[in-house]
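1. Can you look at this prediction? I've put the sequence above it.
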Amino acid sequence: MMSIVLEDGTTDQVELLLSFEFNDNKKEYVVYTKNETDENGNITIYVSSVTRGGSMPRLGGVESDEEWARIKNVLRELSKNE
């Protein structure tokens, strides 16, 4: 479990599923869930970039389609191994 502070200052408890870093650009990401399900019963997952600096890491968005494609490839590869 991990606590995240939202933009409005409230705190959410989430379950950390995966964290990873790309070797070539040193960008870090976390994959987490609030254990919410969609209308088909699938668990919703979230992906955030991680910026380190200051006292606590900050979560941010994924900035480009290229980043999304790379993240999806990581998730696909992991799902194949399970």
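-> Cool, the structure landed. Numbers count the residues shown, from 1 in each chain.

2. And the helices in this structure, which stretches?
-> Secondary structure of the chain (DSSP state H): helices at 65-80.

3. Low-confidence bits of it, can you list those?
-> Applying pLDDT under 70 to the chain flags the ranges 82.

4. all strands of this structure, in order?
-> Listed in chain order, the strands of the chain (DSSP state E) span 2-5, 11-21, 28-37, 43-51, 58-60.

5. Of all those, which one is nearest L75?
-> Taking CB to CB, strand 28-37 is the member of the strands of the chain nearest to L75, at 7.2 Å. Any C-beta I mention is one placed from the backbone N, CA and C, and that applies to glycine too.

6. Name every strand pairing with the closest one and say which way it goes.
-> Strand pairing for strand 28-37, using DSSP bridges, gives strand 11-21 (antiparallel), strand 43-51 (antiparallel).

7. And those strands: which comes nearest L78?
-> Nearest of the strands paired with strand 28-37 (CB to CB): strand 11-21, 7.1 Å.

8. Mind putting the strands paired with strand 28-37 into a markdown table with mean neighbour count and distance to S3?
-> Output for the strands paired with strand 28-37, formatted as a markdown table (neighbours: other CB atoms under 10 Å; distance: least, CB to CB, whole Å):
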| stretch | mean neighbour count | distance to S3 |
| --- | --- | --- |
| strand 11-21 | 13 | 5 |
| strand 43-51 | 15 | 14 |
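
9. quick one: which of those strands is nearest T37?
-> strand 43-51 (5.7 Å).

10. which residues are contacting that closest one?
-> For strand 43-51, contacts defined as CB atoms under 8 Å, 6 or more residues apart in numbering pick out 14, 17, 19, 27-38, 57-63, 67, 71.

11. likewise stretch 6-23?
-> Where contact means CB under 8 Å, 6+ apart, the residues beyond stretch 6-23 that reach it are 1-5, 27-35, 45-46, 50, 70, 74, 78.

12. Return the members of those residues classed as buried.
-> I4, K27, Y29, V30, V31, Y32, R70 (16 or more other CB atoms under 10 Å).

13. hmm, who's touching stretch 33-40?
-> So stretch 33-40 is contacted by D12, V14, E15, L17, I43, T44, I45, Y46 (CB under 8 Å, 6+ apart).
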